[in-house]
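Participant: quick one, structure for this:
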Amino acid sequence: MQQCYMIKSYDQLKAISDPFRVKILNMLIEGAYTGQQIAQQLEIPRAKIHYHLNELEKNELIEVVRNEVKNGIIQKFYRSIAYSFIPDADLLPFTTEVGDYYRSTMLEVLNRARLRVISAPDEAFEITNPDRNTWPRIALRAEVKLSEQVFVEWLGRFRSLVDELAQKESTEGKWFYLSTIGLQIDQPLFENVTDCDYEITNPEAEFNKPDNP
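Facilitator: The predicted structure follows:
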């Protein structure tokens, strides 16, 4: 699989901006599935799943990675061609389709994270020390008011930290899952800045009550 694929045509953008196809695509980023397996997981008729798989395959966003024969029937296993997708600069004028794609992608990231929390082992939620700085998990929400440039620069440093984390993988370790979204909002929902868990030293930033259990 490619790390990142550039969406080059409007047909590809239109195909990938459908929320249901984004849901299927995210499953195929995680692993290879047949249409039947996807239909069972999503509880959707197989015919509908195959229609959307055909659209994604026709636009070269997914591919068949292997075939298996079961009860005399050939089963196709599909996989996404890349871990992430970015619209080409020439497609940015199609603001509705581009916006729909990114909104659907973020919603599906949240949904996949929800499923990971539900299926996580009991061990993941055990507390052996009252100091939460020693806990091997995090749940955090924060609202911060600052310039777009400052936020973009911070995101760059955050991505570098994630890359650094990936370099520390060990065959003797445990599997951990990290999911993140961050975007501009229209207005804050948290009310009391005095509940902030962090000392703010940057006068350009105003934090509103992060939620960090």
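
Participant: distance from the longest helix along the chain to the middle of the chain?
Facilitator: Secondary structure of the chain per DSSP state H: the longest helix is helix 95-119. Here helix 95-119 is found 6 Å from its chain centre; the criterion is CA atoms, centre = their mean, to the nearest Å.

Participant: can you mark which positions in that helix are buried?
Facilitator: 97-98, 100-102, 104-105, 108, 112 (16 or more other CB atoms under 10 Å). C-betas here are computed from N, CA, C, even on glycine.

Participant: next, count neighbours for Lys20.
Facilitator: Quick fix: residue 20 reads Phe, not Lys. Counted by other CB atoms under 10 Å, the residues lying close to Phe20 total 14.

Participant: measure it to Ala166 for me?
Facilitator: Distance of Phe20 to Ala166, computed by CB to CB, to the nearest Å: 30 Å.

Participant: can you check Val117 too?
Facilitator: Remark: distance between Val117 and Ala166 (CB to CB) = 21 Å.

Participant: what of Tyr51?
Facilitator: The value you get for Tyr51 to Ala166, if CB to CB is used, is 36 Å.

Participant: pull the contacting residues for Asp88.
Facilitator: 6-8 (CB atoms under 8 Å, 6 or more residues apart in numbering).

Participant: scratch that, Gln2 is what I was asking about
Facilitator: Contacts of Gln2 by CB under 8 Å, 6+ apart are 81-83.

Participant: got it, and Gly182?
Facilitator: 151, 155.

Participant: what about the nearest residue to Asp11 once chain neighbours are set aside, how many residues nearby?
Facilitator: Among residues not flanking Asp11 along the chain, Asn59 sits closest, at 5.8 Å (CB to CB, 6 or more residues apart in numbering). Neighbour count for Asn59, taken as other CB under 10 Å: 17.

Participant: shaky segments in this structure?
Facilitator: 191-213 (pLDDT under 70).

Participant: residues contacting the residue sitting nearest the centre point of it?
Facilitator: Relative to the mean C-alpha position of the chain, the nearest C-alpha, by CA atoms, centre = their mean, is the one of Val109, at 3.2 Å. Residues near Val109 by CB under 8 Å, 6+ apart: 26, 179, 181.

Participant: hmm, back to that, out of the buried residues of helix 95-119, which is nearest to Glu148?
Facilitator: Closest to Glu148 out of the buried residues of helix 95-119 is Tyr102 (15.9 Å), distances taken as CB to CB.

Participant: sorry, back to before: can you put the buried residues of helix 95-119 in a markdown table and add distance to Tyr33?
Facilitator: Putting these into a markdown table (distance: CB to CB, whole Å) gives the following:
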| residue | distance to Tyr33 |
| --- | --- |
| Glu97 | 26 |
| Val98 | 27 |
| Asp100 | 24 |
| Tyr101 | 21 |
| Tyr102 | 24 |
| Ser104 | 19 |
| Thr105 | 19 |
| Glu108 | 15 |
| Arg112 | 14 |
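
Participant: picking that back up, more neighbours, Tyr51 and Ala166?
Facilitator: Tyr51 (13 against 9).
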